[in-house]
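*Asks:* Fold the stuff below for me.
(one chain, ligands or ions: 2)
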Amino acid sequence: METLRIATIPFHDQRPGTSGLRKQVRIFQQPGYLENFVQAIFDTQPELKGGTLVVGGDGRYFNREAIQVILRIAAANWVRQILIGQYGFFSTPAVSCVIRKYQAQGGIVLSASHNPGGPDGDFGIKFNVANGGPAPESVTEAIFARTRVIDHYLTLDTPPLDLDRLGGTKLKDTAIEVIDPVCDYADLMETIFDFDAIHQLFNSGHFRMRFDAMHAITGPYAREILENRLGAEPGTVLNGNPLEDFGSGHPDPNLVHAHALVEMTRGLKGLDFAAASDGDGDRNMILGRDCFVTPSDSLAILAANAHLVPGYRQGIRGIARSMPTSQAAKRVADFLGVECYETPTGWKFFGNLLDAGRITLCGEESFGTGSDHVREKDGLWAVLFWLNLLAVRQQSVAEILSDHWRRFGRNFYTRHDYEGLDLKSAELLIDHLRRLLPDLPGHQLGAETVSYADDFAYTDPIDGSRTERQGIRIGFASGARIVYRLSGTGTSGATLRVYLESFEPDPDRHQLDPQEALRPLVLIARELAQIETRTGRTEPDVIT
Ligand code: G6P
Ligand code: ZN
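*Replies:* Ligands and ions are numbered 1, 2, ... in the order given. As a prediction, the model looks like this:
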């Protein structure tokens, strides 16, 4: 089998964002576009030659074609072994799990996460390194630099491989193994959680739950784990068949896109527990009857209760939260006497802390929670963690929440998103805020006094690398906070995210609606950033 050397010209838009290279499908369909990026991975990651590579994706449109392209390029670049999930499937956390378990040199995840799929939707490709986590910036920048000068890629002239049949085959000298994408991951979950306790909860006759896989990748995982291994009633998993366009849905587990599930938790007959995950299975949303657990509170609650779960019985070493995530986890860390790191947005910043054993749990407001069991955030893991807590504590989600607030105080939290903004105006808005920063400390805004104002920068405590301009932070003496940043995951225009948080120690006020509790802060945030005059928007598009 002859290796083909195909001449190509660079595309200049291949800089990976917060989470890999994410673009509209039609951009990926340009001849050479995917090929260039994949070859750039092999050109810059020499350990893949002679090594093991894991490949799979969330099943969205273009997943199968992309995998065939990657297999040929990988074989032409002397990869020794490739592990592919059957049907081309792998959730993001499962890729991380499999890289670690089989000591692979890396993995390629095909997904645009929670962005819609289909011919008019988005596609994405992300490279994960040997620890199972997303490539650090040094690696993604090297790949990007290579894409700017690339002039050829290597491939083979071979028919597509069968991705549906389990088992091994050869492509040139490369061993191709089509493996069950679920089993290794499900086994790992069994080592962490008390499956007997959860099994009993499911069979107690007074617990009803639903998991919404949103027609994305977690369907097969949730069916195997919840229904087959844990004995949840058949039908517990909703929308469990992965579809190329996610059934025309938007596989983003939040109050807006998982609205139907939220409805099922309402009222006296509402479900006791409901959860959802996103396109590639790394995000989670947790709901109880008539209640929604913010991702920020979820991280804090998992940390405060970790000792109740077998995998964390020995206690946690530390916590990390991304900067826009509420400070609730910090209160728990202080109580436990462990460190709470504040990192920039993006899962990759947790990797070094996890590898160095500085933290056990980490989380982001963007519906991501995880631990040192893999190096990605993990949707089903978070769901199982909650189920384990519900089984052990024998309380409802709402009771666990109120208990937590009573102990630690409540960090009211909300995020307001202004989507589809003109890029230039959005950048000017952030520049405007940047200019205000030096004068803000000590100033009175509404009833709040500014105690600090900065553009968040982070120095990684492990490798000393510095990341700047990560979002505008305005902290108030009361513990309240406003954060502004532009989304790094969109594929057109700009999205302004405004994160608002206030601290409430008084239990009598803990049941307030967060939008009401945060109203004064919302007004301050809009005025300070001149949102209406600069964007023409009077209200956010999405509130979570
Ligand atoms: C992806 C990353 C997360 C990050 C999120 C931020 O989902 O995996 O780690 O928190 O993007 O998205 P944004 O649109 O706010 O940049
Ligand atoms: Zn995702």
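*Asks:* And the residue in the stretch 1-150 of the chain that ligand 2 sits nearest to, what's its pLDDT?
*Replies:* The stretch 1-150 of the chain approaches ligand 2 most closely through Ser113 (3.2 Å), counting by Cβ to the ion. Glycine gets a C-beta too; all of them are placed from N, C-alpha and C. Note for Ser113: predicted pLDDT of 90.
*Asks:* Show me which residues of the stretch 1-150 of the chain sit near ligand 1.
*Replies:* 18-19, 113 (Cβ under 6 Å from any ligand atom).
*Asks:* Looking at those residues, which is nearest Thr218?
*Replies:* For these, the closest approach to Thr218 (Cβ to Cβ) belongs to Ser113, at 12.4 Å.
*Asks:* Wasn't that closest one part of a helix?
*Replies:* No: counting by DSSP: H, G, I helix; E, B strand; the rest coil, one finds Ser113 to be coil, located in no helix.
*Asks:* Now for it, how many residues are close by?
*Replies:* 27 (other Cβ atoms under 10 Å).
*Asks:* could you list every residue that touches it?
*Replies:* 19, 22, 58, 92, 124, 278-280, 282-283, 489 (Cβ atoms under 8 Å, 6 or more residues apart in numbering).
*Asks:* quick one: which of those residues is nearest to Asp506?
*Replies:* Of all the contacts of Ser113, Asp506 sits closest to Arg283, with 32.0 Å by Cβ to Cβ.
*Asks:* pLDDT wise, what is the closest residue to that closest one other than its chain neighbours at?
*Replies:* Closest residue in space to Arg283, ignoring its immediate chain neighbours: Phe367 at 4.1 Å, by Cβ to Cβ, 6 or more residues apart in numbering. Here, the pLDDT recorded for Phe367 equals 95.
*Asks:* Please report how far Phe367 lies from Pro441.
*Replies:* Distance, Phe367 to Pro441, by Cβ to Cβ, to the nearest Å: 32 Å.
*Asks:* With neighbour numbers in mind, choose between these two.
*Replies:* Legend: neighbour count by other Cβ under 10 Å for Phe367 and Pro441, higher for Phe367 (25 against 14).
*Asks:* I'd assumed Leu255 was in contact with the more buried one.
*Replies:* No: using Cβ atoms under 8 Å, Phe367 makes no contact with Leu255, being 10.5 Å away.
*Asks:* quick one: common contacting residues for those two?
*Replies:* What both Phe367 and Leu255 touch, as defined by Cβ under 8 Å, 6+ apart, is the set Met285.
*Asks:* quick one: secondary structure of Gln395?
*Replies:* Gln395 ends up coil, using three-state DSSP.
*Asks:* Quick check: closest non-adjacent residue to it.
*Replies:* Using Cβ to Cβ, 6+ apart, the nearest residue to Gln395 is Asp403, at 7.3 Å.
*Asks:* same thing with Cys291?
*Replies:* Closest to Cys291 by Cβ to Cβ, 6+ apart is Ala398, at 4.6 Å.
*Asks:* is it true that that neighbour touches Phe292?
*Replies:* No: with contact defined as Cβ under 8 Å, Ala398 does not count as touching Phe292 (10.1 Å).
*Asks:* Show me which of those two is the more surrounded one.
*Replies:* Phe292 (18 against 15).
*Asks:* looking at this, that one is in a strand?
*Replies:* Yes: judged by three-state DSSP, Phe292 forms part of a strand.
*Asks:* For it, list each beta-bridge partner.
*Replies:* For Phe292, the beta-bridge partners under DSSP bridges are Leu287.
*Asks:* my guess is it contacts Leu255, does it?
*Replies:* Yes: shown here, Phe292 and Leu255 form a contact pair, counting by Cβ under 8 Å, at 6.4 Å.
*Asks:* so what's in contact with the two at the same time?
*Replies:* By Cβ under 8 Å, 6+ apart, the residues touching both Phe292 and Leu255 are 262, 285.
*Asks:* quick check: domain ranges of this structure?
*Replies:* 3-181, 185-408, 410-543 (automatic domain parsing).
*Asks:* Backbone dihedrals for the closest residue to Gln444 other than its chain neighbours, please?
*Replies:* Of all residues not flanking Gln444 in the chain, Val450 sits nearest, at 7.8 Å (Cβ to Cβ, 6+ apart). Main-chain torsions, Val450, degrees, to the nearest 10: phi -70, psi 130.
*Asks:* And for Val450, the neighbour number?
*Replies:* Neighbour number of Val450 under other Cβ under 10 Å is 20.
*Asks:* partner residues bridging it?
*Replies:* Phe476.
*Asks:* my read: it touches Ala480, true?
*Replies:* No: taking contacts as Cβ under 8 Å, Val450 lies outside contact range of Ala480: 10.0 Å.
*Asks:* any chance you could map the helices in the stretch 151-300 of the chain?
*Replies:* 183-192, 195-202, 218-222, 259-264, 295-305 (DSSP state H, counting those that start in this stretch).
*Asks:* Highest mean neighbour count out of these?
*Replies:* Stretch with highest mean neighbour count among the helices of the stretch 151-300 of the chain: helix 218-222 (a mean of 28; mean count of other Cβ atoms under 10 Å).
*Asks:* which non-adjacent residue is nearest the closest residue to ligand 2 within the stretch 401-544 of the chain?
*Replies:* Going by Cβ to the ion, ligand 2 is nearest to Thr489 of the stretch 401-544 of the chain, at 9.3 Å. Once flanking residues are discounted, Thr489 sits nearest to Thr18: 5.3 Å by Cβ to Cβ, 6+ apart.
*Asks:* Go ahead and confirm that neighbour touches Arg485.
*Replies:* No: with contact defined as Cβ under 8 Å, Thr18 does not reach Arg485; the gap is 10.6 Å.
*Asks:* shared neighbours, the two?
*Replies:* Here Thr18 and Arg485 have Thr345 as joint contacts, going by Cβ under 8 Å, 6+ apart.
*Asks:* tell me which parts of the protein are close to ligand 2?
*Replies:* Of all the residues in the chain, those in contact range of ligand 2 (Cβ under 5 Å from the ion) are 113, 278, 280, 282-283.
*Asks:* Let's see that with 6 Å instead.
*Replies:* 92, 113-114, 278-280, 282-283 (Cβ under 6 Å from the ion).
*Asks:* Let's have these in JSON lines, adding distance to Glu190.
*Replies:* Shown next, in JSON lines, are the residues of the chain next to ligand 2 (distance: Cβ to Cβ, whole Å):
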{"residue": "Thr92", "distance to Glu190": "20"}
{"residue": "Ser113", "distance to Glu190": "26"}
{"residue": "His114", "distance to Glu190": "27"}
{"residue": "Asp278", "distance to Glu190": "23"}
{"residue": "Gly279", "distance to Glu190": "25"}
{"residue": "Asp280", "distance to Glu190": "22"}
{"residue": "Asp282", "distance to Glu190": "20"}
{"residue": "Arg283", "distance to Glu190": "22"}
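*Asks:* Now intersect the residues you listed with the strands, please.
*Replies:* Nothing among the residues of the chain next to ligand 2 maps onto strands, per DSSP state E.
*Asks:* so which pair among the residues you listed is furthest apart in space?
*Replies:* Longest span within the residues of the chain next to ligand 2, Cβ to Cβ: Thr92 and His114, 11.2 Å.
*Asks:* Of these two, give the one with the bigger neighbour count.
*Replies:* A side-by-side neighbour count of Thr92 and His114, using other Cβ under 10 Å, places Thr92 first with 33 against 25.
*Asks:* Can you tell me how far the more buried one is from Val332?
*Replies:* For Thr92, the distance to Val332 equals 26 Å [Cβ to Cβ].
*Asks:* One more: Ile125?
*Replies:* 36 Å.
*Asks:* swap in Gly85?
*Replies:* From Gly85 over to Val332 (counting by Cβ to Cβ), the distance is 36 Å.
*Asks:* Check Thr140 too.
*Replies:* Using Cβ to Cβ, we find Thr140 at a distance of 32 Å from Val332.
*Asks:* more neighbours, the two?
*Replies:* Neighbours were counted for Thr140 and for Val332 using other Cβ under 10 Å; Val332 has more, 24 against 21.
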